[in-house]
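*Asks:* here is the input, now give the coordinates:
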Amino acid sequence: SAGFDNETVHRLSSIIESNTHLSSLIDRLSSIDTDVTRISQSAIEYIRTFDFLWRDDSQLQYQTVIQQDENGEDYTIIVDPNAIPSADVRKYLQNELERLIGIEERLNILPHEIQIGCICIETIPIINLLKTFIFCWKTQYAKLLHRF
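*Replies:* Next comes the predicted model:
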């Protein structure tokens, strides 16, 4: 009603309802808030799937590998960057390298910018940061793998 009297409100309402173009425009404008919220939450949820890259202790994961033997018992493999890796360590390193490549491929799905109406969310800084982090660890794992 925006401060209009009832007669003016009814008159404006009937004019808007009779004009399909104007009615459609108002419907689209009223859905912008919902669209912005939905699209931005979707983008944030996707980016958050990569949270483990900075939350997990990657250095500790790199140095200590928990494996299970054929009986399901846990045992620890210590990764010594100065020694030739054992078969178990090489297998672990190869798996980690493949996992990081898969993560990098998932990052490529994220667009460089997300357009939501008149709002544009730049994702390049986030993508570059995550790719740099992944590249560093891929390099670390690959160096050890290429030692033998």
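*Asks:* average model confidence for stretch 125-141?
*Replies:* For stretch 125-141, mean pLDDT rounds to 88.
*Asks:* ok, then the element right after the top helix by length along the chain?
*Replies:* Secondary structure of the chain per DSSP state H: the longest helix is helix 20-48. Later in the chain than helix 20-48, the nearest helix or strand by DSSP states H and E is helix 52-55.
*Asks:* if I look at residue 97, how far off is residue 88?
*Replies:* Distance of residue 97 to residue 88, given as Cβ to Cβ, to the nearest Å: 15 Å. Bear in mind the C-beta positions are built from the backbone N, C-alpha and C, glycine included.
*Asks:* just to revisit the earlier point, can you tell me which helices and strands the longest helix of the chain packs against?
*Replies:* If contacts are counted by 3 or more Cβ pairs under 8 Å, 6 or more residues apart in numbering; DSSP states H and E, helix 20-48 sits against helix 6-18, strand 113-116, strand 119-122.
*Asks:* got TSV for the ones you listed, with mean neighbour count too?
*Replies:* Shown next, in TSV, are these (neighbours: other Cβ atoms under 10 Å):
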stretch	mean neighbour count
helix 6-18	11
strand 113-116	13
strand 119-122	12
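*Asks:* measure the residue nearest the centre of the chain to residue 5 for me?
*Replies:* Computing the C-alpha centroid of the chain and ranking residues by Cα atoms, centre = their mean puts residue 47 first, at 2.1 Å. According to Cβ to Cβ, residue 47 and residue 5 sit 49 Å apart.
*Asks:* thought residue 141 was touching residue 93?
*Replies:* Yes - the criterion here is Cβ atoms under 8 Å, and residue 141 meets it with residue 93 at 4.9 Å.
*Asks:* relative to residue 94, how far out is the closest residue to residue 138 other than its chain neighbours?
*Replies:* Closest residue to residue 138 apart from its sequence neighbours, by Cβ to Cβ, 6 or more residues apart in numbering: residue 100 at 4.9 Å. Distance of residue 100 to residue 94, computed by Cβ to Cβ: 11 Å.
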